[in-house]
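S.K.: What follows is a predicted structure for the sequence shown.
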Amino acid sequence: MQNFEFKCPTDIIFGRGAEEKTAAKIKEYGGSRVLVVYGGGSAVKSGLLSRIERGFVDAGLSYELMGGVKPNPTLSFARQGVNRAVTFGADFILGVGGGSVIDTAKAIAHGTANPDIDIWAFWTGRAKLEKTLPVGAVLTIAAAGSESSNSAVLTNEETGKKAGINTELNRPAFAIMNPEILFTLPPRQIACGVADIFMHTLERYFTKIEGNNFTDLVAEALLKNVIDNGRIAFTHRKNYDAQSEIMWCGSVSHSNFTELGRMKDFSVHRLGHELSGKFDVPHGESLTAMWGSWARFVFAEDVPRFARYAEKVWGVNSGTDIERARAGIRLTEEFFRELKLPTNFTELGIGVQDEASLAYLADMFSDYGKKTVGVFHPLDRNTALEIYRAANR
Ligand code: NZQ
Ligand code: ZN
């Protein structure tokens, strides 16, 4: 096992009625003037937002609402949020939504604490983030894991670049997680969330590993749990137990708990981000559209590891290592299709692309050939292009 440091300071408030504690938690973490960020309206329609607002009034908190975050959230919206928060004098940012909303809340917090620096400078590495405002999350979809992660992902619409930053300053102060709030999710969003949680675990499982370790056992248990409960929630979205399991696995997976003692890979995420940057496709679908093509391209790197995955997660007990490895990839793609998730470009809805379009994706992926991505089988521009070609069906 490699050396590691692990600190996940987010205060988790999990279960029925958890959102009633939102105002008290904001006060506990020093907030008195709150900018509340939300998405396209699901939190209004479900009554969640008005329940939270009632708590604010009772607690005497000042607040402003800012709705309109869209999936694959944009830099320009986050910049508007910074202006709103600075003008209002916000000292706390609350995100009520999924990864898109929470990531926007994080970006607004960074910009508000550093009003003289354009936030994109933090994303490009031109400026170093050294302070931020506290952020709270009321999670409405189990997926991205932003409620406890150290990441925030934005799309710069001017360049089509979708990028994340990783910093401990991205960890929310608290996360409110009531599985009942997931009951209004459309099946497609449940499936996308399951896929993202699955991939956050796989991207840390298929990497360079030294010896047997506990982190593998955690990952395998988490994957099996997400498969079982994902199937239930996809058809019975009001199943509290299934939604609870998925919701908690989503946070555990992306809190870094499933990468302790190893380096994460995350090349499938980068392949997918370029698809979302260019075509605005949902994050979860961008990942499942690429994973099989990636896995077939790289599995020779460590066939026994893919065979182990097939055995421990999918129960494939017979055959040679290569046969089991291939079976694991096939069963994973079958699971994605069972949840109506895409496994190639046509199923993703973007159609078969011409060579120039694939070259653009590979250029963006590799920063025009300057960077390689991942550690399991590091991908450069040419290998990324091969994988995009394989998914281009
Ligand atoms: O906008 P509303 O109306 O709320 O609708 C949303 C949105 O259309 C809907 N939704 C959310 N909760 C709902 C609901 N509909 C009904 N009932 C509810 N309870 O779901 C749609 C998707 O929401 P979004 O926030 O985009 O989903 P997700 O959590 O999957 O977030 C995706 C974003 O997070 C980034 C992705 O790249 C993408 O931009 N990621 C963030 C990460 C992080 N910060 O750690 C890591 C991930 O790998 C990922 O990259
Ligand atoms: Zn993800």
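M.R.: Yep, that arrived. Please read all numbers here as calculations on a predicted model, not as lab measurements. Ligands and ions are numbered 1, 2, ... in the order given.
S.K.: Which pLDDT does the model give G39?
M.R.: pLDDT for G39: 98.
S.K.: That one is in contact with I102, isn't it?
M.R.: No - counting by Cβ atoms under 8 Å, G39 does not reach I102; the two are 10.2 Å apart. To be clear about C-beta, it is placed using only N, CA and C from the backbone, and glycine gets the same treatment.
S.K.: Quick check on the most centrally placed residue in the chain: phi, psi?
M.R.: Closest to where the C-alpha atoms of the chain average out (Cα atoms, centre = their mean) is A144, at 2.5 Å. Main-chain torsions, A144, degrees, to the nearest 10: phi -70, psi -30.
S.K.: Poorly predicted segments of the stretch 251-393 of the chain, please.
M.R.: Nowhere does the stretch 251-393 of the chain drop to pLDDT under 70.
S.K.: how about the residues of it near ligand 1?
M.R.: With the criterion set to Cβ under 6 Å from any ligand atom, the stretch 251-393 of the chain comes near ligand 1 through H254, H269, H283.
S.K.: Tell me where the stretch 151-300 of the chain has strands.
M.R.: Shown for the stretch 151-300 of the chain, the strands assigned by DSSP state E, counting those that start in this stretch span residues 151-156, 161-166, 174-177.
S.K.: which helices and strands does the first one pack with?
M.R.: Applying 3 or more Cβ pairs under 8 Å, 6 or more residues apart in numbering; DSSP states H and E, we find strand 151-156 packed against helix 75-88, helix 99-113, helix 120-124, strand 161-166, helix 267-279.
S.K.: can you redo the ones you listed as CSV with distance to L202 and mean neighbour count?
M.R.: Below are those laid out as CSV (distance: least, Cβ to Cβ, whole Å; neighbours: other Cβ atoms under 10 Å):
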stretch, distance to L202, mean neighbour count
helix 75-88, 28, 19
helix 99-113, 18, 29
helix 120-124, 25, 18
strand 161-166, 18, 19
helix 267-279, 8, 23
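S.K.: closest one to R330 among these?
M.R.: Closest to R330 of the helices and strands packed on strand 151-156 is helix 267-279 (Cβ to Cβ; 17.0 Å).
S.K.: Outside of the closest one itself, list whatever touches it.
M.R.: Residues outside helix 267-279 that contact it (Cβ atoms under 8 Å, 6 or more residues apart in numbering) are 72, 153, 155, 160-164, 199, 202-203, 281-283, 286-287, 289-291, 294, 348, 350, 357, 360-361, 364-365, 373-374, 376-379, 384, 387-388.
S.K.: is it true that D321 touches A300?
M.R.: No - assessed by Cβ under 8 Å, D321 is found out of contact with A300, at 10.9 Å.
S.K.: With neighbour numbers in mind, choose between the two.
M.R.: Using other Cβ atoms under 10 Å, the more surrounded residue of D321 and A300 is D321, with 16 against 11.
S.K.: Excluding sequence neighbours, find me the nearest residue to the more buried one.
M.R.: A307 (4.1 Å; Cβ to Cβ, 6 or more residues apart in numbering).
S.K.: buried ones in the secondary structure element (helix or strand) that that neighbour belongs to?
M.R.: Applying DSSP states H and E as the criterion places A307 in helix 303-314. Within helix 303-314, the residues that count as buried by 16 or more other Cβ atoms under 10 Å are V303, R305, F306, A307, R308, Y309, A310, E311, K312, V313, W314.
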